[in-house]
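Participant: 3D, please:
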Amino acid sequence: MKLKQLPHDFIVEELPSISISKEEKTHSIFIMEKISITTLDAIRILSKKINIPLFEIGYAGLKDKHVVTRQYISVPTQYSIKFQNTDKLKLYFAGYHDKKIHIGNLKGNRFSIIVRNITGNQLKDLPKRAKTIKQYGVLNYFDSQRFGSVIENEFIAKYILKKNYEKAVKVYLTKYQSSEPRWVKNDKRRICEHWDNLQTISIHTWEFKKVIDEYLKTKSWLAAYKKIPAILREIFIKAYQSFIWNECIKEVVRVRINKKKIFTITYNIGSLLFYTDLTEEERKLIPSVFKTVSHDGIYSEFEKQIIDKILLKQGVMLADFTIESLTGNFFKTHDRKTLVKPNDFSVSEPMKDTINSSYDMPRYAIETSFSLSKGSYATIITKQLFNN
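Facilitator: Coordinates of the predicted model:
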């Protein structure tokens, strides 16, 4: 099966938690529709085109680059908005609100997804799998989108927990994704080659230069780490905390669900465990929530047993998560639902996939639509639906 083969195969629409008024208020609310660009890039383009400071534009969440997204943004009403829509970025006036939109001002997201390149065999158990999702939901894993900052399975935050600040900075400055701009990759290669003699190299990327200059001035890798942009450092922390949570839920699955019902699906930093179906007894054995890990979390005995096992594998301890005084970053404990049910979940009848079918190898497509609470991943639904 294939996802996101065409941009309009995957549509995400935000469900805002704010009330939008027709009466004029301090902030104008727009629906921003974007295709094939990140949320931050879209905001930067708007800031430049409509001549508004970047910080004045409010948004509720970051959305995937490779899909069509419709999300809500706010702009102070005092600004006159004149924006020419393009193929990749469109703006539609929605109304007014009395405050700027902030991260998290969402009830959830509505998804419309066309899944392509489905074989006849994959269709056989589709009704049964759809019924299981409707009845019990899916495990509420963080999916690959959460881990874009993790390259070659190296978690920068893990090195911070171990107080190996040099390694944390080195991963940030030298590891790169194939999709990064050429000049960034060139800078990272140059930094790697001259790691023991950084004062001799010329760097074009300002963010990297700032980190290196701080180290050369202070000879402190911790000081250098703190020069990494705050938003990136927060992303590093959330990525590792999310990975630990995923690993904990995998352990819950191992000890609470019949192993004959468990199957494995890989994702960009490892693998996840799913179930083919659940008995009512198994569902009751799965805790409704499981806390994220931090040094000051208060955990049930079951949670503590699971967390201790996972942290032992990771070679870290709960006490290591106390990093705020040194780094300015912190891990925060909160309850996360272990299972999540999609609302208004539907799966269409199979249709011929004209893009991927050949004369002797027919392929099919289906459309599925549903809404999820914020923080849950639609791609986990498709993984469960297709065991893929």
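Participant: Who are the packing partners of the host helix or strand of residue 217?
Facilitator: Assigned by DSSP states H and E, residue 217 belongs to helix 206-218. The contact analysis (3 or more Cβ pairs under 8 Å, 6 or more residues apart in numbering; DSSP states H and E) places helix 206-218 against helix 165-174, helix 182-193, helix 221-225. Where C-beta positions appear, they are placed from N, C-alpha and C, glycine not excepted.
Participant: So which of these is nearest residue 151?
Facilitator: helix 165-174 (7.2 Å; Cβ to Cβ).
Participant: which residue ranges form the helices in this protein?
Facilitator: Listed in chain order, the helices of the chain (DSSP state H) span 39-49, 120-124, 126-136, 156-161, 165-174, 182-193, 206-218, 221-225, 230-256, 280-285, 301-314, 324-327, 378-386.
Participant: Nearest to residue 345, out of those helices?
Facilitator: helix 126-136 (5.6 Å).
Participant: Check which helices and strands the closest one is in contact with.
Facilitator: Looks like helix 126-136 contacts strand 343-347, helix 378-386 (3+ Cβ pairs under 8 Å, 6+ apart).
Participant: isn't residue 60 right up against residue 29?
Facilitator: No. Using Cβ atoms under 8 Å, residue 60 is not in contact with residue 29; the gap is 10.8 Å.
Participant: Return every residue with contacts to both of those two.
Facilitator: Residues touching both residue 60 and residue 29 (Cβ atoms under 8 Å, 6 or more residues apart in numbering): 72, 101.
Participant: one step back: ranking the helices and strands packed on helix 206-218 by mean pLDDT, which is last?
Facilitator: Lowest mean pLDDT of the helices and strands packed on helix 206-218: helix 182-193, a mean of 94.
Participant: That one versus helix 206-218: what angle between them?
Facilitator: 20 degrees (axes from the mean of the first three to the mean of the last three Cα atoms, to 10 degrees).
Participant: from the chain's centre, how far out does helix 182-193 sit?
Facilitator: 26 Å (Cα atoms, centre = their mean, to the nearest Å).
Participant: And the residue nearest to the spatial centre of the chain, how far from residue 140?
Facilitator: With distances taken as Cα atoms, centre = their mean, residue 146 lies nearest the centre of the chain, 2.8 Å away. As for residue 146, its distance to residue 140 is 12 Å (criterion: Cβ to Cβ, to the nearest Å).
Participant: Residue 25 too?
Facilitator: In this view, residue 25 and residue 140 are 35 Å apart by Cβ to Cβ.
Participant: do residue 284 as well
Facilitator: Counting by Cβ to Cβ, the gap from residue 284 to residue 140 is 17 Å.
Participant: And those two? Which one has more around it.
Facilitator: residue 140 (22 against 11; other Cβ atoms under 10 Å).
Participant: May I ask you to confirm that the more buried one is in contact with residue 340?
Facilitator: Yes. Between residue 140 and residue 340 there is a contact under Cβ under 8 Å: 4.3 Å.
Participant: shared neighbours, the two?
Facilitator: Jointly contacting residue 140 and residue 340 under the rule Cβ under 8 Å, 6+ apart are residue 376.
Participant: what residue ranges in the chain score low on pLDDT?
Facilitator: Applying pLDDT under 70 to the chain flags no residue at all.
Participant: So in it, which strand runs the longest?
Facilitator: strand 106-118 (DSSP state E).
Participant: Might you report the residue contacts of the nearest residue to residue 309 once chain neighbours are set aside?
Facilitator: Sequence neighbours aside, residue 251 is the residue nearest to residue 309 in space, at 6.2 Å (criterion: Cβ to Cβ, 6 or more residues apart in numbering). By Cβ under 8 Å, 6+ apart, the contact list for residue 251 reads 306, 309, 310.
Participant: same check, this time on residue 314
Facilitator: Contacts of residue 314 by Cβ under 8 Å, 6+ apart are 158, 244, 247.
Participant: still on that earlier bit, out of the helices and strands packed on helix 126-136, which one sits most buried?
Facilitator: When the helices and strands packed on helix 126-136 are scored by mean count of other Cβ atoms under 10 Å, the highest mean neighbour count falls to helix 378-386 (a mean of 22).
Participant: Which strands or helices does that helix pack on?
Facilitator: strand 106-118, helix 126-136, strand 138-139, strand 270-275, strand 364-373.
Participant: As JSON lines, these with mean neighbour count and distance to residue 386 would be great.
Facilitator: What follows is the helices and strands packed on helix 378-386, written out as JSON lines (neighbours: other Cβ atoms under 10 Å; distance: least, Cβ to Cβ, whole Å):
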{"stretch": "strand 106-118", "mean neighbour count": "20", "distance to residue 386": "7"}
{"stretch": "helix 126-136", "mean neighbour count": "15", "distance to residue 386": "8"}
{"stretch": "strand 138-139", "mean neighbour count": "22", "distance to residue 386": "12"}
{"stretch": "strand 270-275", "mean neighbour count": "18", "distance to residue 386": "11"}
{"stretch": "strand 364-373", "mean neighbour count": "20", "distance to residue 386": "9"}
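Participant: Distance to residue 94 added to these, as TSV?
Facilitator: TSV is the format used below for these (distance: least, Cβ to Cβ, whole Å):
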stretch	distance to residue 94
strand 106-118	15
helix 126-136	32
strand 138-139	31
strand 270-275	36
strand 364-373	19
